[in-house]
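>>> Output the structure for:
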Amino acid sequence: MDMDSDVILKMQNICKTFPGVVALENINFDLRRGEVHILLGENGAGKSTLVKILSGAYQKTSGDILFENKEIEIKNPGHAQDLGIAIIYQELNLVSHLSAAENILLGREPLHVPGIINRSRLYRSTQKILDGLQVQISSRSLVKELGVAEQQMVEVAKALSLHAKILIMDEPTSALTEKEIEELFKTINRLKKSGTSIIYISHRLEELFEIGDRVTVLRDGKYVGTHNIQETTKEELIRKMVDRELTEQFPKRRIERGEEVLRVENLKIDDKLSNINFSLHRGEVLGISGLLGSGRTELARAIFGADKIDSGKIYVKGVQQNIKSPRNSINLGIGLLTEDRKSQGLILDLSLKDNVCLPNLDQFSKFGVVSSNQENSTAAKYIDELRIKTPGLNQKVLYLSGGNQQKVVISKWLCSHADILIFDEPTRGIDVGSKVEIYQLMNQLTAHGAAIIMISSELPEILGMSDRILVMHHGEINGEFAAEEATQEKILHCALGV
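Predicted coordinates:
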């Protein structure tokens, strides 16, 4: 078969500029019918920008797009959908107070007569899609009552309902369990066989070799190369992504454990947490593992004062504390990096400087007047120390890459002088190069006497960066291991309730 006849999409010399930033420079990318083409690169490499152009969310600055051998200008997301291009973003794009069915067919609901929705048909047709994904989700369930993984599967169902010729998946597995990932991959393979073409973005390199056909690497907004998956290696791809050798994926430095800074005794919250007991020491990274729904995030929120506890005691630096709100915990030197940094950790429309300084304004104000010079010097200090890639301290964090956004969140807590840090999925959606930088930052923090609780779904990360590991199952701690005795098998046994 002639190669061109097999190509459904060509993007040629695509450029995209934002104020002060060249996001894409002469990118070339093509997609064949019925293939999974991986788009790979560090955060800030231009992957999301490229697919946002294809999905109509951004307009290209220059370049050409050919779809089914016709040159096209994609005007907006609705136009992209009409062409048969659907996208599942990493950030969920659902209406929380509507049902799964209403989200899946939003704006395309079946009608009895104009203006009146045929609800029985709506629920029946969407349930068929959900059942095809082999997930236990009722099409009548409200999205706000679903977990993050279930909401992700609703997004997948919504994309499938469009009968898309091209399906773009941006980090689709970042919030899914192993079983859900397995089912998603089965769905992807079914779609391939039916002729659907898939552009797949992921930082989990092991996934790429499981489902990918070809891989295109971007770096700093430029095209690096395209390879058949079976003709490359994980190490080669990492080298092309970061343009340097990553000699150690988990550069953990063991620090001598200091005094106890946090102790939790018999903590309980309704049906979420029960009989939680543990301690945390200076210089220590305490890893918390467990499957989705095991209570890991609920534990973090309880310690931080975001959720009310029913019973139990929390001691901070030897003193029992009644933590009723996040403000109480902040005053005690506790900081929380939330799992969803974009909706809970940052104000995307504000600048880097404002995000770092806003929670700590009392440090920069005198008699109610804020010192801009102090704010500027503080923000500049963290940009330098944490190596945040940004055109300047007034850049909106919306335009920063995921890894740099995470560094801004960390800067905010360092600015507040927090020395007990709770990291909930600290490297979720972050590329391998930025991950190493976050790990090195954790080393620096513990070396200076900070104590870290690290919640992670990635077992290599838990094993590679923790001094001790707690494993949660159904709201309880079901196992505890020193780093040197922990294995993936032992952790999984405890996470599964064995």
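>>> What is the neighbour count of Glu259?
Using other CB atoms under 10 Å, Glu259 has 11 other residues around it. Just so you know, the C-beta spots here come from the backbone N, C-alpha and C atoms, and that holds for glycine as well.
>>> ditto for the one 5 residues further on
Burial measure for Val264: 20 neighbouring residues, criterion other CB under 10 Å.
>>> Past the helix or strand harbouring it, which element shows up next along the chain?
For Val264, the element it lies in under DSSP states H and E is strand 260-269. Downstream of strand 260-269, the next assigned helix or strand under DSSP H and E is strand 273-281.
>>> Can you give me the separation between the nearest residue to Ile199 once chain neighbours are set aside and Arg140?
The shortest distance from Ile199 to any non-neighbouring residue, by CB to CB, 6 or more residues apart in numbering, is to Ile168 (4.6 Å). According to CB to CB, to the nearest Å, Ile168 and Arg140 sit 28 Å apart.
>>> The two: which has the busier surroundings?
The residue with more neighbours, out of Ile168 and Arg140 and counting by other CB under 10 Å, is Ile168; that gives 26 against 14.
>>> Report the contact partners of the more buried one.
Going by CB atoms under 8 Å, 6 or more residues apart in numbering, Ile168 touches Val51, Leu54, Ser55, Ile85, Ala86, Ile87, Ile88, Ile198, Ile199, Ile201.
>>> Tell me what the residue located most distally from the centre of the chain is bridged to.
What lies farthest from the middle of the chain is Val113; by CA atoms, centre = their mean that is 41.5 Å. Val113 has these beta-bridge partners by DSSP bridges: Ile116.
>>> The closest residue to Pro391 other than its chain neighbours: how many residues sit nearby?
Once flanking residues are discounted, Pro391 sits nearest to Gly20: 4.1 Å by CB to CB, 6+ apart. By the criterion of other CB under 10 Å, Gly20 has 11 neighbours.
>>> Wait, Gly20 touches Gly392, no?
Yes: assessed by CB atoms under 8 Å, Gly20 is found in contact with Gly392 at 7.4 Å.
>>> Mind listing the shared neighbours of these two?
Counting by CB under 8 Å, 6+ apart, nothing touches both Gly20 and Gly392.
>>> Stretch 178-191: which residues count as buried?
Across stretch 178-191, burial judged by 16 or more other CB atoms under 10 Å covers Glu180, Ile181, Glu183, Leu184, Phe185, Thr187, Ile188, Leu191.
>>> and what of stretch 423-440?
By neighbour count on 16+ other CB under 10 Å, the buried set for stretch 423-440 is 423-439.
>>> pull the CA atoms of that stretch into CSV?
C-alpha atoms of stretch 423-440 as CSV (Å, rounded to 0.1, in the frame of the first residue of the first chain):
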residue,chain,number,x,y,z
PHE,A,423,3.0,15.5,48.7
ASP,A,424,-0.1,13.9,47.1
GLU,A,425,1.0,12.4,43.8
PRO,A,426,3.9,14.8,43.5
THR,A,427,5.0,13.7,40.0
ARG,A,428,1.6,12.9,38.4
GLY,A,429,1.6,14.1,34.8
ILE,A,430,5.2,15.2,35.0
ASP,A,431,8.0,14.1,32.6
VAL,A,432,11.0,12.0,33.6
GLY,A,433,13.4,14.9,33.6
SER,A,434,11.2,17.1,35.9
LYS,A,435,10.5,14.0,38.1
VAL,A,436,14.2,13.8,38.9
GLU,A,437,14.3,17.5,39.7
ILE,A,438,11.4,17.1,42.1
TYR,A,439,13.1,14.1,43.8
GLN,A,440,16.4,16.1,44.1
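>>> I'd like the mean pLDDT over that stretch, please.
The pLDDT scores in stretch 423-440 average 82.
>>> for it, the distance to its chain's centre please.
Stretch 423-440 sits 10 Å away from the centroid of its parent chain (CA atoms, centre = their mean, to the nearest Å).
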